[in-house]
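Enquirer: Take a look and give me a structure for this.
(one chain, ligands or ions: 1)
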Amino acid sequence: MDAVSGILLVMNVVNNPLARLEDAALTAVHTVGETHAEGVDASLKPSAKPQFGDFQLNAAMALGKKSGRPPREVAALLVDELVAATGGMDGLLEAPEIAGPGFINIRLRPDALAEALDWMDHGELGVETHVRPHAVTVDVCGVNVAKQMHVGHLRATVIGDTVARLFERLGRTVHRQNHLGDWGLPIAMTLHSLLSRQADLEALDLDTLNTAYRDAQLEAKGDARGLEAARTNHCGPHRIAELESQQSSAMAAQEAARSALVALQAGDREMVAAWKRLIEVTMDEVYRAMSLLNTRIDSSSERGESSFRDSLGEVVDAFVRSGLAVEDDEALVVRFEDRERPMLIRKRDGGFLYATTDLAALRYRVQDLDSDEVVYVVDARQRDHFRDVFDACRMIGWADLPDGTRAELVHLGFGTVLGPDKKPLKTRSGSNFKLMDLLEISIERGTAAVKARAADPNAPTHTLSNDELERIGRAVGIAAIKYADLSGDPGRDYLFDLDRMIAFEGDTGPYLQYAHARISSILSKAGDQFDPEAALVTEHPGERSLALMLLRYGGTIAEAAAHLEPSRLCRYLYALATEFNAFYAACPVLKAETETLRASRLRLASITRRVIADGLECLGIDAPDRM
Ligand code: ARG
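Expert: You can find the predicted model right below:
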């Protein structure tokens, strides 16, 4: 750890009462347990019921068992240590209680709780940001040039961008890398087909381009097997002639595509200009989707397959030189001890593969972008591919940084988006759902919901202009889609059910936005009665559990990033919004009994609002002030 981050870390532990308490628990377990402490869980669990205090430490049972001492006796020793390490009798804690076989119930003193909240309110909301020596790279989006984006790209974008945001929130340098499919035979095929038709490239849009792509693919797809079968089965001459002519035009198309690729590779001016135009047409629409989706993915993230084209030969050479690549039927392959199937890195005809490009990209990410963690947010079906690529990189040493750090390489594979029939989501006519269409439908639905609410003369949005309502509607529609994608386990398939996703009730994005807007409106009603420095009172159980929930925010962000699980943050925000509602139902805020109480509760509401807004920002979800 470098000096700066060391100092920051120490400051955080000193100032964050919760971190001090956790630290004290760890110290107590080690002091009391001595050699038996190894492997004993010293973490503090939030108590299930308020009468059991705020937290529980359950280490006494395990320690007792290992050391052969009665657990309650061990618990008494732990309590003494804990109190001593947290400032003694007037420190952080009320006198801890020992319950049952040796549970330790811990309660923060009200002033310690207030101090902790005050600390988080004045700083980073309890999120510990520190400088780290290396960056993180996140593979996001991964669209293919000349092809429409589909719902799979939604997931690679939304989950990828959020993982990146979580790391950014922790103060880390993050590189989003969009590994565009922008090179190779299919693209050359499309180029050739467009150029030979003298298509107007200036007027091209992604739909037309996508059609040209499909046509070119079809044109080049002969039916060699069918022809063979027709011959052996002695089909009629007409059928054979038909198949023969299809087959020969397919061969011709493939040949033409190959020479187009050669021209492109050789830097032919017309070809390169047309190729650039294809990328532009594709990316115009991609960036429209990226900005609707409120992501931080832009042209600076673009590093497509083509950008590695000149290093592929050298990548293969490096594997040959190190003895890791061997010839197999005139092709070059890398073999792994624990799997039968080798990884092909150069074809017989000298062509390179998807895997070769990923090897080059991974070396670049670790070595040039200086990353100690590279996360690939890509369809789960590419699992074997990434296993091969990662292992090959480790074997050749490209995962090792000069300072001896070994980069962590992770494939965060996501499942398929399913339609109401539980099959991969399709349009009514059975084609793939275009991402843009999906976004537009959700935005329409969000806008309709917002406008319907605004029609009520008592609604806080009643006086807003149509433009403002549409802006909020867009935020709601996008929140619905993103939250549904982020709140589950990414590896699992999920059902695209817009009715459920867009509801203002239940575990949804709009519910969280609504909670945020409601608190904003309470605060705006309070006007200048709100005092950001008011003393915090946490005597009522509703206040107390809200306060404790707020204190968990920083830890939640750290854990969501460490486990690459945005769903942890979703779960937390949902629990927080629910906790706030319970507090609001039990503790009058604007009509509190005393001025002190009102000021304190307004401040609790304000911290809650800030935490929800900050959390939604980490999820890339807008938090409007009115809904
Ligand atoms: N273009 C690829 C596809 O559509 C995804 C790229 C994923 N990233 C990577 N580094 N291979 O399947």
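
Enquirer: For the stretch 151-300 of the chain, what lies in contact range of the ligand?
Expert: By CB under 6 Å from any ligand atom, the part of the stretch 151-300 of the chain that sits against the ligand consists of H179, G181. Quick note: C-beta positions are derived from backbone N, CA and C, even for glycine.

Enquirer: Any regions of the stretch 151-300 of the chain where pLDDT drops low?
Expert: Along the stretch 151-300 of the chain, no part satisfies pLDDT under 70.

Enquirer: Helices of that one, start to end?
Expert: 151-169, 185-196, 206-219, 224-232, 237-265, 269-292 (DSSP state H, counting those that start in this stretch).

Enquirer: any idea of the angle the fifth one forms with helix 206-219?
Expert: Angle between the axes of helix 237-265 and helix 206-219 is 120 degrees (criterion: axes from the mean of the first three to the mean of the last three CA atoms, to 10 degrees).

Enquirer: Just the C-alphas of stretch 390-406, formatted as CSV.
Expert: The C-alpha coordinates for stretch 390-406 follow below in CSV (Å, rounded to 0.1, in the frame of the first residue of the first chain):
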residue,chain,number,x,y,z
PHE,A,390,-7.5,-16.4,-19.4
ASP,A,391,-5.6,-19.6,-18.8
ALA,A,392,-3.4,-19.0,-21.9
CYS,A,393,-2.6,-15.5,-20.7
ARG,A,394,-1.7,-16.7,-17.3
MET,A,395,0.5,-19.4,-18.8
ILE,A,396,2.4,-17.0,-20.9
GLY,A,397,2.8,-14.5,-18.1
TRP,A,398,0.7,-11.7,-19.4
ALA,A,399,-1.5,-11.6,-16.3
ASP,A,400,1.6,-10.6,-14.2
LEU,A,401,2.3,-7.0,-13.6
PRO,A,402,5.9,-5.7,-13.3
ASP,A,403,5.5,-5.2,-9.5
GLY,A,404,4.6,-8.8,-9.1
THR,A,405,0.8,-8.3,-8.8
ARG,A,406,-1.1,-11.0,-10.7
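
Enquirer: Now do the buried residues in it.
Expert: F390, D391, A392, C393, I396, W398, A399, L401, T405 (16 or more other CB atoms under 10 Å).

Enquirer: Quick check: the farthest pair among the residues you listed?
Expert: Greatest spatial distance among the buried residues of stretch 390-406 (CB to CB): A392 and T405, at 19.2 Å.

Enquirer: where does the spatially closest residue to A380 that is not a sequence neighbour land in three-state SS?
Expert: Of all residues not flanking A380 in the chain, G413 sits nearest, at 3.2 Å (CB to CB, 6 or more residues apart in numbering). Classification of G413 using DSSP: H, G, I helix; E, B strand; the rest coil returns strand.

Enquirer: OK, contacts around the nearest residue to M627 once chain neighbours are set aside?
Expert: Spatial nearest neighbour of M627, excluding adjacent residues (CB to CB, 6+ apart): A517 at 4.0 Å. By CB atoms under 8 Å, 6 or more residues apart in numbering, the contact list for A517 reads P460, A623, P624, D625, R626, M627.

Enquirer: and the residue in the stretch 51-200 of the chain that the ligand sits nearest to, backbone torsions?
Expert: Closest residue of the stretch 51-200 of the chain to the ligand, CB to the nearest ligand atom: G142 (3.1 Å). Note on G142: backbone dihedrals following degrees, to the nearest 10 are phi 60, psi 40.

Enquirer: Wait, it touches D182, no?
Expert: No - G142 is beyond contact range of D182, at 11.0 Å (criterion: CB atoms under 8 Å).

Enquirer: Identify the bridge partners of R339.
Expert: R339 has these beta-bridge partners by DSSP bridges: F336.

Enquirer: from now on call the first residue 35
Expert: In the new count, where the first residue is 35, that last one comes out as R373.

Enquirer: Could you report the neighbour count for it?
Expert: Other residues near R373 come to 12 when the count uses other CB atoms under 10 Å.

Enquirer: which SSE is V170 in?
Expert: strand 169-173 (DSSP states H and E).

Enquirer: check contacts around the residue of the stretch 485-634 of the chain found nearest the ligand.
Expert: The ligand sits closest to P524 of the stretch 485-634 of the chain, with a gap of 14.7 Å, by CB to the nearest ligand atom. If you count contacts by CB under 8 Å, 6+ apart, P524 has them with R189, I193, V411, L446, G447, F448, G449, S601.

Enquirer: What pLDDT is listed against the fifth one?
Expert: Translated: G447. In this model, G447 is scored at 98, pLDDT.

Enquirer: Count the residues that sit near it.
Expert: 17.

Enquirer: bridging residues for L378?
Expert: Beta-bridge partners of L378, as defined by DSSP bridges: V367.

Enquirer: can I assume it is in contact with E364?
Expert: No - L378 is beyond contact range of E364, at 11.5 Å (criterion: CB under 8 Å).

Enquirer: ok, back up a step: switch the helices of the stretch 185-334 of the chain over to a markdown table; also include mean neighbour count.
Expert: Output for the helices of the stretch 185-334 of the chain, formatted as a markdown table (neighbours: other CB atoms under 10 Å):
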| stretch | mean neighbour count |
| --- | --- |
| helix 185-203 | 24 |
| helix 219-230 | 22 |
| helix 240-253 | 18 |
| helix 258-266 | 13 |
| helix 271-299 | 16 |
| helix 303-326 | 17 |
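
Enquirer: For the closest residue to G256 other than its chain neighbours, give me its contacts.
Expert: With sequence-adjacent residues excluded and distances taken as CB to CB, 6+ apart, G256 is closest to A284, at 2.9 Å. Contacts of A284 were listed using CB under 8 Å, 6+ apart, and they are E253, A254, K255, G256, D257.

Enquirer: Please tell me how far A284 sits from the ligand.
Expert: Using CB to the nearest ligand atom, to the nearest Å, A284 is found at 24 Å from the ligand.

Enquirer: what do you get for Q299?
Expert: 20 Å.

Enquirer: measure that residue to V349 for me?
Expert: Look at Q299 and V349: by CB to CB, to the nearest Å, they are 16 Å apart.

Enquirer: try G511
Expert: 43 Å.

Enquirer: ok, these two, which is more surrounded?
Expert: Per other CB under 10 Å, whichever of G511 and V349 has more neighbours is G511, with 28 against 25.

Enquirer: Chain neighbours aside, what residue packs nearest to the more buried one?
Expert: Ranked by CB to CB, 6+ apart and with sequence neighbours excluded, the top spatial neighbour of G511 is G480, at 2.8 Å.

Enquirer: neighbours of the one you found, just the number please.
Expert: 27.

Enquirer: That one contacts Q547, correct?
Expert: No - at 9.9 Å, G480 does not count as touching Q547 under the criterion of CB under 8 Å.

Enquirer: what about the strands in the chain?
Expert: 78-80, 89-91, 131-133, 137-140, 169-173, 208-211, 359-362, 365-370, 373-380, 405-413, 442-448, 451-452, 528-529 (DSSP state E).

Enquirer: so which of the ones you listed is the most packed in?
Expert: strand 169-173 (a mean of 26; mean count of other CB atoms under 10 Å).

Enquirer: contacting residues for the residue lying closest to F564 once chain neighbours are set aside?
Expert: Spatial nearest neighbour of F564, excluding adjacent residues (CB to CB, 6+ apart): L636 at 4.8 Å. Contacts for L636 (CB under 8 Å, 6+ apart) come out as I556, L557, A560, Q563, F564, D565, A568, V623, L624.

Enquirer: coming back round to it: could the contacts of A551 go into CSV alongside pLDDT and distance to the ligand?
Expert: Listed next are the contacts of A551 as CSV, based on pLDDT from 0 to 100; distance: CB to the nearest ligand atom, whole Å:
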residue, pLDDT, distance to the ligand
P494, 94, 43
A657, 98, 31
P658, 98, 33
D659, 97, 38
R660, 96, 39
M661, 94, 36
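
Enquirer: which outside residues touch stretch 222-239?
Expert: So stretch 222-239 is in contact with 180, 242-243, 246-247, 249-251, 253-254, 287-288, 290-292, 294-295, 298, 304-305, 308-309, 311-312, 315, 319, going by CB under 8 Å, 6+ apart.
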